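Undergrad: what follows is a predicted structure for the sequence shown.
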Amino acid sequence: MKSSTKRIENNKSFNTELNFIKKINEIENIELKEANSRYLFALLNREELKFKLEISNIFSENDNLQELSFSLENKTFIVKEFNDVGKKTKISSESGVQLLTSIDLDTFHSTAFLKKGCYKAFYPLELEDIKTFHNEFETVTYQRNGIEHFYDCLRVTIETREYDVTQIKDENRGYYVFDCLQDQTFEDFSDACYSIQQAIGFINKLMVGGEKFVFDDSGEFYYSNYIRPTLRGLYSPVFSNPFSKLDIERSVAEEMVGILSRISLEDLSSLATRIHQNPEFSVVILIILESTSIASLLLIPSSFAVIIEQLSKHLNVKEVGLDKPIDDPELESTIIDELHQVIDKNKKGFTPENILKLKRRLNGINRPTNKKALTNNEKLTRPFEQLDIELTLHDISIIEHRNDLFHGNVLLNTNQSRDEETTNLYMAYVSAKLFTLISKLILKSSGYGGYIYNQAKYLESKLGLKTNEQYFDKI
């Protein structure tokens, strides 16, 4: 059996960077200077999840604020980008009344920060967000401070370049640390990290974002806080421990122990590379994470309907010619004869004319279809066929809710009367079912061939549904 952790020599040191992050997080009333000016007085302070600049002048958003600088730990830092300009009045017994401009800083960096090299990017998290990668991913080992860690490091390859993503804890904070193993430009590193963030987030429901503390290989520093905040999604398509989900029946969990699969590093790299190279595919992942992070039953089904439509175009392999559903003439004749018998057994209530119409249609049931002239519903299911993902009639009926959602039936109302609780349950069920189907498309097309968790299974009993579906499907 393939090991879930690859043991390698992978020495890491984060102490210097963590000590600097600690010091910069303790910034209080550091004075900044403006280039070519002796008259501007500005103070920089650390606030929760941001750095706040207070200037003893009133500026409008249209004013051209010059480059600012400050010193810390024998380094000079440049501030060029400003955001969220506000104005306030500060009153104190010592200084009287002061008119201040308050500005949130998007980025700042040390003057010697390299545009090319090797980098480490630290994304701060709450301690409870650090849960090891072992349940969802295969991992590599790493060594730090004389201790070998087995389940907290992923090695991802994008276009021949390797990146390690490591989970660590430091006092009262957790971090995801991204570091590149080959020299590259800072822009390339940032783009690769963003793709890996999405790939990991799709699998384990946590896409890190927000504040980013970056160090180059000479110890110079870059800070930014203008990308998406950390997103915490709702669904995890793959995991190896069936007891990690309380919704799964115990007998099923016991049966699946040792059978469920993890995402291999090769498949994770494939997913990250597709996100990196294809903006449309990246948008699909971001829609999933953003819509589920809000956990809105009104938003999620509609968002997933858009994704099904998008993936059907992105993954569909164009085909030409005619497609005949039944290749065997004898089998075709047998099926048509049996369907005629079904009509004969249930002809009560039908007029002879209607029975004749139905039987005429049966005779053309195997009429070839033009692969270039598919219906909308056929286009939605075609990628499943091409990827050899089996669909049940129930799956197809759920996919066809796309038509309801696109035409404004957001609550998925049918002719059947439902109270508010049942409506919410059904919308949750459709959302979970659509995510399961979307996961099959995304992961199968990325090379994964293991088990997918059926997110909707546990809701069947609450809705009174009976299907032959299982908690896990192998693709």
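TA: In hand now; what should we look at?
Undergrad: domain boundaries for this structure, per the record?
TA: Recorded structural domains for the chain (assignment: automatic domain parsing) are 17-110, 305-319+373-474, 325-367.
Undergrad: per-stretch mean pLDDT over the ones you listed, give me the minimum one.
TA: For the domains of the chain, mean pLDDT drops lowest on domain 17-110, to a mean of 75.
Undergrad: span of that domain from start to end?
TA: 14 Å (Cα to Cα, to the nearest Å).
Undergrad: name the residues of the strand or helix carrying T436 that are buried.
TA: Assigned by DSSP states H and E, T436 belongs to helix 420-445. Residues 425-445 are the ones in helix 420-445 that count as buried (16 or more other Cβ atoms under 10 Å). To be clear about C-beta, it is placed using only N, CA and C from the backbone, and glycine gets the same treatment.
Undergrad: chain center to that helix, what's the gap?
TA: For helix 420-445, the gap between its own C-alpha mean and the chain's C-alpha mean amounts to 15 Å (Cα atoms, centre = their mean, to the nearest Å).
Undergrad: and after that helix, which helix or strand comes next?
TA: strand 451-453.
Undergrad: list the contacts of that next one.
TA: Strand 451-453 is contacted by residues 236-239, 245, 256, 259-261, 436, 439-440, 443, 471-475 when judged by Cβ atoms under 8 Å, 6 or more residues apart in numbering.
Undergrad: among those residues, which ones are buried?
TA: 236-239, 256, 260-261, 436, 439-440, 443, 471-473, 475.
Undergrad: in strands, which of the residues you listed appear?
TA: 472-473 (DSSP state E).
Undergrad: now the residue with the largest distance to the centre of the chain: phi and psi?
TA: In the chain, P352 marks the outermost C-alpha relative to the chain mean, sitting 56.1 Å out by Cα atoms, centre = their mean. P352 adopts backbone torsions of phi -60, psi -30, taken as degrees, to the nearest 10.
Undergrad: could you do the one 5 residues further on as well?
TA: In terms of degrees, to the nearest 10, the main-chain angles of K357 are phi -60, psi -40.
Undergrad: just F186 next, same as before
TA: Torsion angles, degrees, to the nearest 10, at F186: phi -60, psi -40.
Undergrad: if I look at N366, how far off is Y226?
TA: 58 Å (Cβ to Cβ, to the nearest Å).
Undergrad: can you tell me, leaving aside adjacent residues, what's nearest to the residue nearest the centre of the chain?
TA: When Cα atoms, centre = their mean is applied to the chain, the residue found nearest the centroid is F202 (3.3 Å). Leaving aside its chain neighbours, F202 sits nearest to I285 (5.2 Å; criterion: Cβ to Cβ, 6 or more residues apart in numbering).
Undergrad: would you mark the buried spots in the helix or strand where the one you found lies?
TA: Assigned by DSSP H and E, I285 falls within helix 279-294. Across helix 279-294, burial judged by 16+ other Cβ under 10 Å covers 281-289, 291-293.
Undergrad: name the residues that touch stretch 302-320?
TA: 278, 280-281, 283-284, 287-288, 291, 371-372, 379-380, 382-383, 386-387, 399, 401-402, 405-406, 410, 431, 434-435, 437-438, 441-442, 445.
Undergrad: please save the CA atoms from it in PDB.
TA: Coordinates of each C-alpha in stretch 302-320 appear next as PDB, following Å, rounded to 0.1, in the frame of the first residue of the first chain:
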ATOM      1  CA  SER A 302     -27.800  29.500  -8.000                       C
ATOM      2  CA  SER A 303     -24.000  29.800  -7.800                       C
ATOM      3  CA  PHE A 304     -23.600  26.000  -8.400                       C
ATOM      4  CA  ALA A 305     -26.000  26.200 -11.400                       C
ATOM      5  CA  VAL A 306     -23.600  28.800 -12.900                       C
ATOM      6  CA  ILE A 307     -20.700  26.500 -12.200                       C
ATOM      7  CA  ILE A 308     -22.300  23.400 -13.800                       C
ATOM      8  CA  GLU A 309     -22.900  25.600 -16.900                       C
ATOM      9  CA  GLN A 310     -19.300  26.900 -16.900                       C
ATOM     10  CA  LEU A 311     -17.800  23.400 -16.400                       C
ATOM     11  CA  SER A 312     -19.900  21.900 -19.200                       C
ATOM     12  CA  LYS A 313     -18.300  24.400 -21.600                       C
ATOM     13  CA  HIS A 314     -14.800  24.200 -20.100                       C
ATOM     14  CA  LEU A 315     -14.600  20.400 -19.900                       C
ATOM     15  CA  ASN A 316     -16.600  19.400 -22.900                       C
ATOM     16  CA  VAL A 317     -14.600  17.800 -25.700                       C
ATOM     17  CA  LYS A 318     -16.100  18.800 -29.000                       C
ATOM     18  CA  GLU A 319     -17.300  15.900 -31.100                       C
ATOM     19  CA  VAL A 320     -18.700  15.600 -34.600                       C
END
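Undergrad: now the strands: where do they sit in the stretch 201-350 of the chain?
TA: 206-207, 212-216, 221-224, 231-232, 322-323 (DSSP state E, counting those that start in this stretch).
Undergrad: format those as JSON lines; extra columns: distance to S312, mean neighbour count and mean pLDDT.
TA: Listed next are the strands of the stretch 201-350 of the chain as JSON lines, based on distance: least, Cβ to Cβ, whole Å; neighbours: other Cβ atoms under 10 Å; pLDDT from 0 to 100:
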{"stretch": "strand 206-207", "distance to S312": "24", "mean neighbour count": "24", "mean pLDDT": "97"}
{"stretch": "strand 212-216", "distance to S312": "35", "mean neighbour count": "21", "mean pLDDT": "97"}
{"stretch": "strand 221-224", "distance to S312": "36", "mean neighbour count": "20", "mean pLDDT": "95"}
{"stretch": "strand 231-232", "distance to S312": "25", "mean neighbour count": "18", "mean pLDDT": "95"}
{"stretch": "strand 322-323", "distance to S312": "17", "mean neighbour count": "11", "mean pLDDT": "67"}
